[in-house]
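Peer 1: starting from these lines, generate the structure:
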Amino acid sequence: MLVLTRKLDEKINIGDDIILTVLEIGRTSVKLGIDAPKRVGIFREELYERIKEENLMSSQGTPADVEKASRLLREKGL
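Peer 2: The predicted structure follows:
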């Protein structure tokens, strides 16, 4: 892990197209601004972990689940 020290309004470049800016420094937290292309996903760690769990759960569907979803779509005319 690379550990850097930055002051208010100082920046960190990641690659050619991502810039982190220190916007605010509080007693127990730091507010960061992230400038990145739209194609780059940026998530808080706890949200990213939840997304990974949901993706794993959805990928473990059974054939019965697929058949049920297919039947519901046909009933809706989709």
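Peer 1: at which residues are the strands of the protein located?
Peer 2: Using DSSP state E, the strands of the chain run over residues 11-14, 18-25, 30-35.
Peer 1: how about those in CSV, adding distance to residue 51 and mean pLDDT?
Peer 2: Just so you know, the C-beta spots here come from the backbone N, C-alpha and C atoms, and that holds for glycine as well. Listed next are those as CSV, based on distance: least, CB to CB, whole Å; pLDDT from 0 to 100:
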stretch, distance to residue 51, mean pLDDT
strand 11-14, 21, 98
strand 18-25, 20, 98
strand 30-35, 17, 97
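Peer 1: relative to residue 31, how far out is residue 25?
Peer 2: As judged by CB to CB, to the nearest Å, residue 25 and residue 31 stand 8 Å apart.
Peer 1: do residue 66 as well
Peer 2: According to CB to CB, residue 66 and residue 31 sit 44 Å apart.
Peer 1: now swap in residue 13 and tell me
Peer 2: Distance from residue 13 to residue 31, by CB to CB: 19 Å.
Peer 1: check what pLDDT residue 61 gets.
Peer 2: As predicted, residue 61 sits at a pLDDT of 68.
Peer 1: and what of residue 78?
Peer 2: 69.
Peer 1: what do you get for residue 72?
Peer 2: Looking at residue 72, its pLDDT is 88.
Peer 1: residues near it, how many?
Peer 2: Each residue near residue 72 was counted by other CB atoms under 10 Å, and the total is 10.
Peer 1: quick one, what contacts residue 10?
Peer 2: Residues near residue 10 by CB atoms under 8 Å, 6 or more residues apart in numbering: 21, 22.
Peer 1: ditto for residue 23
Peer 2: The contact partners of residue 23, taken as CB under 8 Å, 6+ apart, are 8, 9, 31, 32, 33.
Peer 1: ok, of the residues you listed, which one's closest to residue 46?
Peer 2: Relative to residue 46, the closest of the contacts of residue 23 is residue 32; by CB to CB it sits at 16.0 Å.
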